[in-house]
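Student: Sequence unavailable; structure follows:
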DNA sequence: ACATTATTTCGGTCATTGCCTAAATAACAA
DNA sequence: TTGTTATTTAGGCAATGACCGAAATAATGT
């Protein structure tokens, strides 16, 4: 869960998640939304993947990123619990 | 809102929030729950204060930290929105 | 004024992060 | 196999973050 919170700490990574919320996209499509270099973005992808917030699927030469909704939901529940608003204590 | 997500990225800071969820505590009381040095902890307090997640009140020589529930709720809503689960789009 | 207690600020080190360009890998088509 | 496109890995650098001990500040009591 720590990795999830760390992944959420960077604005670019949050924006990636927001884009993937609408539909799965290739690395290139995602890159088109940012001005930063592709290798930098690739590093952000790795962080999101390590946190299990996204998963990948190769389609030929392109790699499709998709949002892992269940982990997003778990993270939200963890946060709600932290805030003491709902969810379990643990 | 970026400052909030950054503040949540460190486990010690999340633990501080969890402790403050039960009741307001002085810096010293909070420090008793951790093994790290007080100056380090004081730095974490500053991060939380900058994110407006906690507020302070001086009582004599001690400083009381209290959780800022409204900001916690806003952050939760922002996260829910990011996940596309509820809350506003923006 | 001086000492005591609580907390923060200062000055420094070490590890990590974010960014880049250049090079490597992967899949596919000619 | 050579070339093309898509993406990642490697290498390096500047900025930031986390940590500590020592010193400074703040409030209070003697």
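Tutor: All right, it came through fine. Predicted model, so just to flag it, every value in this text is computed and none were measured.
Student: residues of the longest helix along chain A that come out buried?
Tutor: Using DSSP state H to define each element, chain A has its longest helix at helix A:69-83. For helix A:69-83, a neighbour-count test (16 or more other C-beta atoms under 10 Å in any protein chain shown) marks A:71, A:72, A:75, A:76, A:78, A:79, A:80, A:81, A:82, A:83 as buried. All C-beta spots, glycine's among them, are computed from the backbone N, C-alpha and C.
Student: what does the one helix or strand in chain A whose mean pLDDT sits lowest rub up against?
Tutor: Least confident element among the helices and strands of chain A, by mean pLDDT, DSSP states H and E: helix A:69-83 (a mean of 92). Contact with helix A:69-83 is made by A:1, A:4-5, A:8, A:17, A:51-53, A:86-90, B:8, B:14, B:17-18, B:21, B:69, B:72-73, B:75-76, B:79-80, B:83, B:85, as judged by C-beta atoms under 8 Å, 6 or more residues apart in numbering or on different chains.
Student: how about stretch A:53-61 against chain B, any contact?
Tutor: No: counting by C-beta under 8 Å from any C-beta of the partner chain, chain B is not contacted by stretch A:53-61; separation bottoms out at 9.9 Å.
Student: so for that stretch, what's the average pLDDT?
Tutor: Regarding stretch A:53-61, the rounded mean pLDDT is 96.
Student: Give me the residues contacting that stretch.
Tutor: Outside stretch A:53-61, the residues within contact range by C-beta under 8 Å, 6+ apart are A:4, A:7, A:16-17, A:20, A:26, A:45, A:48-49, A:63-68, A:71-72, A:75.
Student: among these, which ones are buried?
Tutor: Buried, going by 16+ other C-beta under 10 Å: A:4, A:7, A:16-17, A:20, A:26, A:45, A:48, A:64-65, A:67-68, A:71-72, A:75, out of those.
Student: Now for these: which two are most distant?
Tutor: Taking C-beta to C-beta, the two most distant members of those are A:26 and A:75; they sit 24.3 Å apart.
Student: those strands in chain A, which residues are they?
Tutor: Here chain A has its strands, by DSSP state E, at A:25-26, A:54-59, A:62-67.
Student: from the buried ones among the contacts of stretch A:53-61, which is closest to residue B:36?
Tutor: Of the buried ones among the contacts of stretch A:53-61, the one sitting nearest to residue B:36 (C-beta to C-beta) turns out to be residue A:4, at 22.7 Å.
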